[in-house]
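Asks: would you be able to build a 3D model of this:
(one chain, ligands or ions: 2)
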Amino acid sequence: MTNLATKRETFLKDYQPSAFVIEKFDVEFDLSPEKTLVTSHLLVHRLDKTSQHLFLDGKQLKLISIVLEEKVPKFSQDDDGLHIFNVPEVFSLKIVTEINPAANTELTGLYISNNIFCTQCEAEYFRKITFFLDRPDVMTFYQVKIIADKQAYPVLLSNGDLVEEGDLPDGKHFAVWSDPFKKPCYLFALVAGDLAKITDYFVTMSDRRVTLNIFSEKQNIERCGFAMLSLKKSMRWDEENYGREYDLNIFNIVAVNDFIFGAMENKSLNIFNAKYILANPETATDQDYADVDTVVAHEYFHNWSGNRVTCRDWFQLSLKEGFTVFREQSYDEDNNSAVVHRIRKVQDLRNGQFAEDAGPMAHPVQPKSYVAIDNFYTRTIYNKGGEVVRMLKTILGADVFRQATDRYFEKFDGQAVTTNDFVDVMEEVSKRDLSQFRLWYSQAGTPVVNATGAYDSLNKIYTLTMEQIVPPTADMQNKQPMLIPIVTSLLRKIRGDTAVALVEPEKTVLLESNLQSFIFDNIEADVIPSLNRHFSAPIKLNFSYTEDELLFLFKYDTDGFNRCDAGQRLASKIILEGMTDEHYSHAIGEILRQPFSDLSMQTELLQLPSEKYLHESVEMINVDKISTARWQLFLSNAMQHEAAWLKLYESLVSNENAYSPEEMGRRRLQAICLHHLVALNKKPYIDLAVKQFKAASNMTDSIAALSALSHTDTLERVEALAQFQDRWQHEPLVMNKWFMIQAQSRLPDTLENVQRLMQQPFFHLKNPNNVYALIGGFCSSNMLNFHHVSGEGYHFSAECVLTLDVINPMVSARIVECLLAWQRFAAPRKDLMQKALTRIISAPNLSKNVYEPVSKALDMEEHHVRS
Ligand code: ARG
Ligand code: ZN
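Replies: Numbers count the residues shown, from 1 in each chain. Ligands and ions are numbered 1, 2, ... in the order given. Here you go, the predicted structure:
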């Protein structure tokens, strides 16, 4: 029906090293919003004797002049760049281009956010700044001169060290930055604006003093302190856990309002979405604090996993992203309740990545082809890629893994390498054969493992038999069995039902074949297996536990992750299979009454599986049935333990605002109590929420109350929303929460409300955070209303996708994800979703960012029907 060939596809198998290298790069920016002049000096060296044709990438550039060694060369320009003919072996090029940052709504290349010039070059956007060899394996030294109006742009920043600055005529000034490390152009950054800063310093393990600056708009600078603490903590953590020391004397972070993703690890000049820097108790929730900590660490860790050792090409993206996600998660586990952090990260993986792996955009951790590389900044590359590194650590053991990462950083420092190089080092150091393990990089799809257990009382043997199935994906039908590390324990009830014996302590079972049995000896009596503990492999594990066994694991599993997972399995059986909720409810009652030292863990045990998780557990999705049954179970939990929820709620009231794992746990638990109480729709509980909303001295408590009220059809909801708007109208980050809460409401007029909110003066379609909060909040997080059987949600999402595509294709491509799994929904939704997709694909001038997923989704019917 549709043909990807109409948009050019890039293949991993076509990789060729560059025939040219850039020995040195000097660039000058004369900044002005509508007309910025970029003068670049390249020293080019031709490696290939035969090729005299140099092609430089360049998009949306106005070429002013080009000179090769004092002469105008023979050249031609097309939509993708500049061809220069008959070039000698070594030569200098001077190219002047003109760009218009003020007109840039794509937020890539050089653009302006609230009067601040800033850049985003990853993946292939340096080519929107100047003609260049825009590929990560071309690395060079940069010297950058920035010229700008001094009053409007007093702060001028780029990568590396400041080597010169001074005043110029006409109220202008300049700064020259020089980066002593070779880098690919995707790590280039420039910032110019009227920014405030906070400064601190860090003394590295070899006693070097590093100056740390965080820049933001003046009115926000008071909110940057927490991010600074995270930065210092990350720097220390990387020294202690990976032996990685920071390598320059300066590290800068800049926070801007309009940013397409979370943040960017440009060498020594990280640029952040303000959402991941600014935090104080009045305006940021505990989740915001946690996100700031995570993203600051993630970007800092890239200095080694990404910058010092970078990617050969964009098919290797997970080399830096998967590894950095794993490093970031380990950092978070060290600083928080490790088990709860793991539980929540696995929820993200199951809710998002599993769906991706089962949908039309399914791709391996190392993809084989792409149309738009932007579409591959995915949960698979990031999160599944992180899981793959985690499995390597599990298989090798912590010590060997650390030796291997040391060797990796040492061996490939300053180079652009592949995921294969990474696994090679793991192999070299561990002396293990990891060839089968590499399938995790080349085969897409979430493996399914079906396990059964049998106890032989005569021989005192327990046999665990496991079968693995790697499902077909659009890119590959028949797959080979993977190497899957399944951390396993065998448990048994003792003294009736009141405690657990660890019959077999944790051990890592390596599943290698399609079908394999594992024998455990000297097992005195029948046991209950606890499998894939800590979620040791990113798989769907089935074991036909009885209700009793699940209840036992839910109460006693010695692995917190599996304990919580047993609860999710029980709740899923009630929601999806109509099992009675009597015993589960009893267990919930016990959890409510038990004393817990980790209140975040207690909260997790009380949580129902998400609708998205439930969607991933079935073949054909019946939205109403799942949503209604889940809500019924929620109400039933609320009703049956009304007094306990209230008692627990009251015991947790406090006016402590500190951000610490303990206080955060208390607030989370209090929030879930309030949600259950308010769901009962009784006046005293609505009043309780209003009271919390009014008394709240931190954003977490305020948002918890508002979101509990947001599903009630009450005057109190309307009033609280109005008060919140009144108070926070001028704080864009806070208003995003207000948008998100309303977008996710279960109330039937939610779509109309979302459309009304889009007209508000403080909603901006050009701001990605606004779009993700309101439009994304509705389309991808409100399963009940988005999938309304009228199809109006689908129609709305298609409208938004088309409008956004003109402004910012990357943002649009994120919104369109909500329609891609159309084939898994029962009629009539399936047809309505297909209609919305068809409407999108028929639009003229659709970006390749949106074209790629939509055409794959529509094509999928022909090549690939889920078995
Ligand atoms: N490297 C950045 C990070 O993971 C993300 C950049 C995404 N940019 C993009 N154009 N897709 O921290
Ligand atoms: Zn990253």
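
Asks: tell me which residues in stretch 367-384 are buried?
Replies: Within stretch 367-384, the residues that count as buried by 16 or more other C-beta atoms under 10 Å are 367-368, 370-384. For the C-beta atoms, the positions are set from N, CA and C on the backbone; glycine is no exception.

Asks: repeat that for stretch 688-696.
Replies: Going by neighbour count (16+ other C-beta under 10 Å), the buried part of stretch 688-696 is 688, 689, 690, 692, 693, 696.

Asks: could you check the pLDDT of whatever residue of the stretch 201-350 of the chain ends up closest to ligand 1?
Replies: Closest contact between the stretch 201-350 of the chain and ligand 1, by C-beta to the nearest ligand atom, is at residue 261 (4.4 Å). At residue 261 the predicted local confidence, pLDDT, stands at 96.

Asks: in the stretch 701-850 of the chain, what residue comes closest to ligand 1?
Replies: The minimum distance from the stretch 701-850 of the chain to ligand 1, using C-beta to the nearest ligand atom, falls at residue 810 (6.7 Å).

Asks: before we move on, what about the chain?
Replies: Among the residues of the chain, residue 377 lies closest to ligand 1, at 3.9 Å counting by C-beta to the nearest ligand atom.

Asks: re earlier: is it true that the residue of the stretch 701-850 of the chain closest to ligand 1 lies in a strand?
Replies: No. Assignment of residue 810 by DSSP: H, G, I helix; E, B strand; the rest coil gives helix, placing it outside any strand.

Asks: test my guess that it contacts residue 376.
Replies: No. Applying C-beta atoms under 8 Å as the test, residue 810 and residue 376 come out as separate, 11.7 Å apart.

Asks: neighbours of residue 519, how many?
Replies: 11 (other C-beta atoms under 10 Å).

Asks: and it, what does it touch?
Replies: Under the criterion of C-beta atoms under 8 Å, 6 or more residues apart in numbering, the contact partners of residue 519 comprise 461, 462, 463, 464.

Asks: any idea how far the residue lying closest to residue 456 once chain neighbours are set aside is from residue 312?
Replies: The spatial neighbour of residue 456 that comes closest, neighbours along the chain excluded (C-beta to C-beta, 6 or more residues apart in numbering), is residue 463 at 7.1 Å. In this structure, residue 463 and residue 312 are separated by 45 Å, where distance is defined by C-beta to C-beta, to the nearest Å.

Asks: give me the more crowded residue out of those two.
Replies: For residue 463 versus residue 312, neighbours defined as other C-beta under 10 Å are more numerous around residue 312 (20 against 15).

Asks: which residues does the residue nearest to residue 755 when sequence neighbours are not counted contact?
Replies: For residue 755, ignoring the flanking residues on the chain, the nearest one in space by C-beta to C-beta, 6+ apart is residue 796 at 7.2 Å. By C-beta under 8 Å, 6+ apart, the contact list for residue 796 reads 751, 754, 755, 778, 779.

Asks: torsion angles phi and psi at the closest residue to the second one other than its chain neighbours?
Replies: Okay, so that is residue 754. In space, residue 754 comes closest to residue 778 once its chain neighbours are excluded; the distance is 4.9 Å by C-beta to C-beta, 6+ apart. Torsion angles at residue 778 (phi, psi; degrees, to the nearest 10) stand at phi -80, psi -50.

Asks: hang on, residue 778 packs against residue 741?
Replies: No. Because the distance of 11.2 Å does not satisfy C-beta under 8 Å, residue 778 is recorded as not touching residue 741.

Asks: ok, these two, which is more surrounded?
Replies: residue 778 (29 against 22).

Asks: and residue 95, that's in a helix?
Replies: No. The secondary structure assignment for residue 95 gives strand rather than a helix, going by three-state DSSP.

Asks: which residues does it contact?
Replies: Contact analysis of residue 95 by C-beta under 8 Å, 6+ apart lists 39, 40, 42, 56, 63, 65, 66, 67, 82, 130, 131.

Asks: quick check on the third one: phi, psi?
Replies: This means residue 42. The phi/psi pair for residue 42 (degrees, to the nearest 10) is phi -120, psi 140.

Asks: now the residue nearest to residue 754: how far from residue 578?
Replies: Summarising the geometry, the distance separating residue 778 from residue 578, computed by C-beta to C-beta, is 30 Å.

Asks: how about residues contacting stretch 155-162?
Replies: Here stretch 155-162 makes contact (C-beta under 8 Å, 6+ apart) with 142, 144, 146, 148, 165, 173-181, 183, 187-195, 197, 215, 248-250, 252, 254, 266-269.

Asks: please redo it, this time with the cut-off set to 7 Å
Replies: Contacts with stretch 155-162, where a contact means C-beta atoms under 7 Å, 6 or more residues apart in numbering, come from 142, 144, 146, 148, 175, 177-180, 188-193, 195, 215, 248-250, 252, 254, 266-269.

Asks: coming back round to it: in a markdown table: the contacts of residue 95, plus distance to residue 284 and pLDDT.
Replies: A markdown table is the format used below for those (distance: C-beta to C-beta, whole Å; pLDDT from 0 to 100):
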| residue | distance to residue 284 | pLDDT |
| --- | --- | --- |
| 39 | 42 | 99 |
| 40 | 40 | 98 |
| 42 | 44 | 98 |
| 56 | 44 | 98 |
| 63 | 45 | 98 |
| 65 | 49 | 98 |
| 66 | 49 | 98 |
| 67 | 51 | 98 |
| 82 | 46 | 98 |
| 130 | 38 | 98 |
| 131 | 42 | 98 |
